[in-house]
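one predicted model, sequence on top.
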Amino acid sequence: MNALVTSPNLVFVVTIAVLFTVGVYLVLERSLTRVIIGVALLGNGTNLLILVAGGRAGGPPIVGVTPEDEMSDPLPQALILTAIVITLGLTAFLLAMAYRSWQLHRHDEVQDDVEDRRIARLAARDERAFEDADTDGDTQTLDEEAALTRDETDEAEPVPTPEAGR
């Protein structure tokens with residue numbers, strides 16, 4: 001068997017690096033639209049990476065039609081098809097989330113919840129979040145803090161509580 005060993009094209013390697021870099025940067029954003037674009041870029045980078053890792057091109061992998069040393073490997077092709085389907089499913093899910101967020105709030109920004117804010121506050125004080133002693137100094141419970149917390153996505157009118165209607 002005379003297998004040719006070829007090095008990957010430098011343009012492909014740079015393109016993969018750029019796709020992964022920009023994709024990861026966009027996935028870390030708060031806007032779901034940017035996350036969707038980042039997932040698409042990561043999916044395309046993954047497909048290109050699998051294609052480059054699959055080796056050189058060859059003939060169709062059919063026994064009797066192509067000599068064995070000239071056949072292309074069918075596994076990267078199957079992996080790319082699988083990656084396309086996974087990326088499509090994830091993109092459809094994220095699009096549904098972004099659409100629902102737009103319906104409810106007229107934007108697609110992902111906001112911190114109360115627990116995220118508590119953990120950030122503890123990190124600023126350099127305390128551990130998993131110890132019970134970190135809440136001893138707080139006078140409010142998380143439910144009380146959540147009721148008082150407002151961010152830019154809250155509406156101007158307060159939400160009526162069941163007790164207020166009595």
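That came through fine.

for the chain, what are the low-confidence residue spans?
Within the chain, the stretches with pLDDT under 70 are 1-6, 112, 126-143, 146-147, 149-166.

quick one: the strands in it?
With DSSP state E, there are no strands along the chain.

centre-most residue in it?
With distances taken as Cα atoms, centre = their mean, the residue of the chain nearest its centroid is residue 27 (5.0 Å).

separation between it and residue 90?
To residue 90, residue 27 is 11 Å away according to Cβ to Cβ, to the nearest Å. No exception for glycine: its C-beta is placed from N, CA and C like everyone else's.

for the longest helix anywhere in the chain, name the packing helices and strands.
The helix that spans the most residues within the chain, counting by DSSP state H, is helix 74-105. When contacts are defined as 3 or more Cβ pairs under 8 Å, 6 or more residues apart in numbering; DSSP states H and E, helix 74-105 sits against helix 32-53.

show me which positions of the helix it packs on end up buried.
By 16 or more other Cβ atoms under 10 Å, the buried positions in helix 32-53 come out as 32-51.

contacts for it, please.
Here helix 32-53 makes contact (Cβ atoms under 8 Å, 6 or more residues apart in numbering) with 8-9, 12-13, 15-16, 19-20, 22-29, 76, 79-80, 83-84, 86-87, 90-91, 94-95, 97-98, 101, 108-110.

same check on stretch 54-62?
Stretch 54-62 has contacts (Cβ under 8 Å, 6+ apart) with 4, 6, 65-67, 70-77.

pull the contacting residues for residue 84.
43, 47.

select only the buried ones of the contacts of helix 32-53 in ChimeraX?
Of the contacts of helix 32-53, the buried ones go into a single ChimeraX selection, burial set by 16+ other Cβ under 10 Å:
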select :15,16,19,20,23,26,76,79,80,83,87,91,94,98,101,108
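
returning to that earlier point: contacting residues for the residue nearest to the centre of the chain?
Residue 27 neighbours (Cβ under 8 Å, 6+ apart): 35, 38-39, 42.

ok, so of those, who is nearest residue 123?
Taking Cβ to Cβ as the measure, residue 123 lies nearest residue 35 of the contacts of residue 27, at 23.7 Å.

how far away is that closest one from residue 45?
Note on residue 35: its distance to residue 45, by Cβ to Cβ, is 15 Å.

what's the answer for residue 121, then?
37 Å.

and the residue nearest to residue 29 when sequence neighbours are not counted, how far from residue 94?
Leaving aside its sequence neighbours, residue 29 sits nearest to residue 35 (Cβ to Cβ, 6 or more residues apart in numbering; 6.3 Å). Using Cβ to Cβ, one gets 6 Å for the distance from residue 35 to residue 94.
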